[in-house]
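# quick one, what's the 3D model for this:
(chains A and B)
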Amino acid sequence: MDFTYDDEQQALREAVRGLLATTYGDHEARRRTVADDPGFDRSLWGRLAEMGVLGLPFSEADGGVGAGPVEIGIVCQEMGRVLAPEPYLSGVVHAGGLVAAVGTPAQKADLLGRLSAGEVLLAAADTSPGGRWSAGADGVRASVSDGSWTLDGVADPVMGGAFADHLVVTAALPDGGGTGVFVVDAGAVSVTGYAAADLTRAATVRFEASAATPLGEPGRDLTPSIATISDLTRIMGANQALGVMQSQVRATTDYLKSRKQFGVTLNTFQALTFRAADMYVSLELAHSTVDWATMTIAGGDREVVADAADRVGLQVGRAARHIGEEAIQLHGGIGMTAEYAVGVGTAHLAVLEQWLGNAGHHLARLSARVTDHDLVEAV
Amino acid sequence: MQLELSPADAEFRTRMREFFTTRVPQEIRDTVLEGRHLTKDQIVEAQRTLNAEGLAVPHWPVEWGGQDWTELQRHLWHEEMQRAGVPIPLAFNASMIGPVIAHFGTQEQKERFLPATANLDIWWSQGFSEPDAGSDLASLRTTAVRDGDDWVVNGQKTWTTLGQHGDWIFTLVRTDPEVKKQAGISMLLIDMTTPGVEVRPIELIDGGHEVNEVWFTDVRVPGDLLVGELNGGWTIAKFLLGNERVGVAPVGATKRALAGLKRSAAAQMDDPLVRARVAELETALLALELTALRVVAHSSDGAPHPASSVLKLRGTELQQAVSELALDLAGPASLAAHAGDDSPQEGWARRSAPTYLNLRKASIYGGSNEIQRQIISRTILGL
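You can find the predicted model right below:
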């Protein structure tokens, strides 16, 4: 058991941090980027592709780099640190992950190769209006006729969907046959883009007898794979949230040391410093859980990863509420403004949580299993 | 980054588990696992069993009975011990005065005290807090005045846990009243059978006799029982309290208590609200255990890792939260706290209220949780 990063992982973090700093060195740059379409920086995306970051999760045979979960987690943490609006989690980790999990070798080589090269953007359409977090699909239905598949229904929110080239859609298979995964050209369906609560881009996608290509063996129920990719995305989302929270705790302590009221700096007031101490406690406990959950992925046991996703979803969900809300409160009015990163970070945390599964959702799943074990084993 | 234990560490854990579950008497382990009170003899027997195998004081220097283990191995030792219901070696001996004497003591003091301390031939008590010196420990007023080669001690200590069993007491005393309060404190080792030492019990809200007042009236202490430098006691106190913080977050014991509760109150595990409380606590305890593993919260060169405050703060909160759950699950049965053994109520339920009340201490001792917040905000966050 080892919680430390090796030299190569440290180098990756430095490289990603350095690259992100060229675009998002200050929060104003992020603010400008999300103000206009496409809501992220295409040239930065291209440089992430050149660096190999977009291909990290995918095998070399599929045109990727074949890195491990720890490396992907590092990238997500760094994205979170600067609130990068690039669709990495939605497009690479989630949508790309679905393709990697269920696609045929030819489909993977095609889609993931172009995704890794930065030539196409993918987005996962797996949630229907009013839907919650489920591996099943009830908002989009698949039909087959003479071997040709079509989709009908509505997916929303589709994170990163506003400017995706291809949509990776989960849809109910005919005759209660479970859930399949399909690729649809974004140009062939109705895509209505909008800004999510953190101003990153999402979309409503409407399917109307839309031509779709099944990923993997046509008609096969892929629910378990969909669930596993959601779990992996949840864990990587927790990495991203960790980066956000680390920035917020740092910004808050800096602010308490510099901001003056009543003629003294705010760190004179114990009512404030004790709350900052509690934020640090939440951060450290979340950090440990994120590292642990990320490490469970390498073991390859679906149930272990599902349990880790629930535990990190709960722990990070609680921490995100605590730290995100306190960061604004301890800043006072400035924390409410769009020009300041702290409050925007809280918006991003809220989006991550409601997109990937909130604390209550994960707690409900953990509660259902509470009598299945004696102790929860860390090692 | 890697989750699995190495083959060597996995074998280490197996060895610990086997020793703890086969060599420490079942009766003692059952007492711990069921949350009943241990007798002094049981605590002594358990520690001597561990010490005979070199497992009582592994964090001490090797020449005084310690083991050259990694931090992870120490963690596994500690967790397996708690899991098996083995009483943790007496903290006053193993975690507090032992490391202090090993670090600050003279060669004579080491030879005289360390083997007997490891083997619990001497039961140590802690003489730090006073009626007017709690969190503000440095304001202590018990005095030690030179008289020839001896010191003459007068004053009062309080909250002396298990002082009724104590053979010796390590005390912080004021040896120079003229200087800044931290700079005039020394540590003296005092034989509790010396004339002028009086131990008086304090009854607590749980009805038990766990802590005491210790009074010193013209107690003569030989000069060679001063530890470290004259007026150097504050440095020693910080060293000791840093070690104490690490030791007072009993993750394994709290996990075990929660698991036991799931079995004891099995009938209530159908209640979704109960299940949610358990799931939330299990996850929080996992996060705490992982943090203990990640931050390597140990004392090195007299400087405890600042994150040990996180472990103390959160560890005691969770310990208390599990005791609150036990009380709630016991319900009316908890009222039978002081009923006799013929009570129709189950033992765990009868113990739940006293345990709940007793554990309110956890966020007060070892540096209150407010002191821990101060350490975090100052030392870690620089506020």
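# against residue A:67, how distant is residue A:60?
10 Å (Cβ to Cβ, to the nearest Å). Heads up, the C-betas are built off the backbone N, CA and C, glycines and all.
# what sits against residue A:366?
A:307, A:310-311, A:314, B:279-280, B:282-283 (Cβ atoms under 8 Å, 6 or more residues apart in numbering or on different chains).
# sorry, back to before: and residue A:60 and residue A:67? Which one has more around it.
Ranked by neighbour count (other Cβ atoms under 10 Å in any protein chain shown), residue A:60 and residue A:67 place residue A:67 first, with 20 against 10.
# for the residue lying closest to that one once chain neighbours are set aside, what are its contacts?
Closest residue to residue A:67 apart from its sequence neighbours, by Cβ to Cβ, 6 or more residues apart in numbering or on different chains: residue A:56 at 4.2 Å. Residues near residue A:56 by Cβ under 8 Å, 6+ apart: A:64-65, A:67, A:71-72, A:75, A:92.
# now, these that are in helices?
A:71-72, A:75 (DSSP state H).
# closest to residue A:23 among those residues?
Closest approach between these and residue A:23, by Cβ to Cβ: residue A:75, at 14.5 Å.
# the closest one is in contact with residue A:52, isn't it?
No: when contacts are counted by Cβ atoms under 8 Å, residue A:75 is not listed as touching residue A:52 (10.4 Å).
# residue contacts, residue A:39?
Residue A:39 touches A:33, A:85, A:162-163, A:195, A:199-201, counting by Cβ under 8 Å, 6+ apart.
# mind giving me the ChimeraX command for buried ones among the residues you listed?
Remark: buried members of these, expressed as a ChimeraX selection using 16 or more other Cβ atoms under 10 Å in any protein chain shown:
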select /A:33,85,162,163,199,200,201
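# can you flag which of the contacts of residue A:39 belong to helices?
residue A:33.
# kindly reformat the contacts of residue A:39 as CSV containing pLDDT and distance to residue B:50.
Compiled in CSV, the contacts of residue A:39 are given as follows (pLDDT from 0 to 100; distance: Cβ to Cβ, whole Å):
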residue, pLDDT, distance to residue B:50
A:33, 98, 61
A:85, 98, 57
A:162, 96, 64
A:163, 96, 64
A:195, 97, 62
A:199, 97, 59
A:200, 97, 56
A:201, 97, 61
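# please name the nearest non-neighbouring residue to residue B:338.
The nearest residue in space to residue B:338 (Cβ to Cβ, 6+ apart) is residue B:207, at 6.2 Å.
# for chain A, see how far away that neighbour is.
Distance from residue B:207 to chain A, counting by Cβ to the nearest Cβ, to the nearest Å: 31 Å.
# surely that residue is in a strand?
No: if the criterion is DSSP: H, G, I helix; E, B strand; the rest coil, then residue B:207 is coil and not within a strand.
# wait, it touches residue B:337, no?
Yes: assessed by Cβ under 8 Å, residue B:207 is found in contact with residue B:337 at 7.1 Å.
# now the helix or strand in which residue A:78 is found: average pLDDT?
In the assignment (DSSP states H and E), residue A:78 maps to helix A:69-81. For helix A:69-81, mean pLDDT is 98.
# any idea which helix or strand comes after that helix?
helix A:97-102.
# which SSE is residue A:243 in?
helix A:223-258.
# which of the contacts of residue A:56 tops the neighbour count?
Result: residue A:75 is most packed of the contacts of residue A:56 (other Cβ under 10 Å), 31 neighbours.
# coming back round to it: for the helix holding residue A:243, packing partners?
Applying 3 or more Cβ pairs under 8 Å, 6 or more residues apart in numbering or on different chains; DSSP states H and E, we find helix A:223-258 packed against helix A:69-81, helix A:97-102, strand A:179-185, strand A:264-265, helix A:270-297, helix A:302-331, helix A:341-356.
# let's have these in JSON lines, adding distance to residue A:20.
As requested, the helices and strands packed on helix A:223-258 are exported to JSON lines (distance: least, Cβ to Cβ, whole Å):
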{"stretch": "helix A:69-81", "distance to residue A:20": "6"}
{"stretch": "helix A:97-102", "distance to residue A:20": "22"}
{"stretch": "strand A:179-185", "distance to residue A:20": "29"}
{"stretch": "strand A:264-265", "distance to residue A:20": "31"}
{"stretch": "helix A:270-297", "distance to residue A:20": "19"}
{"stretch": "helix A:302-331", "distance to residue A:20": "21"}
{"stretch": "helix A:341-356", "distance to residue A:20": "13"}
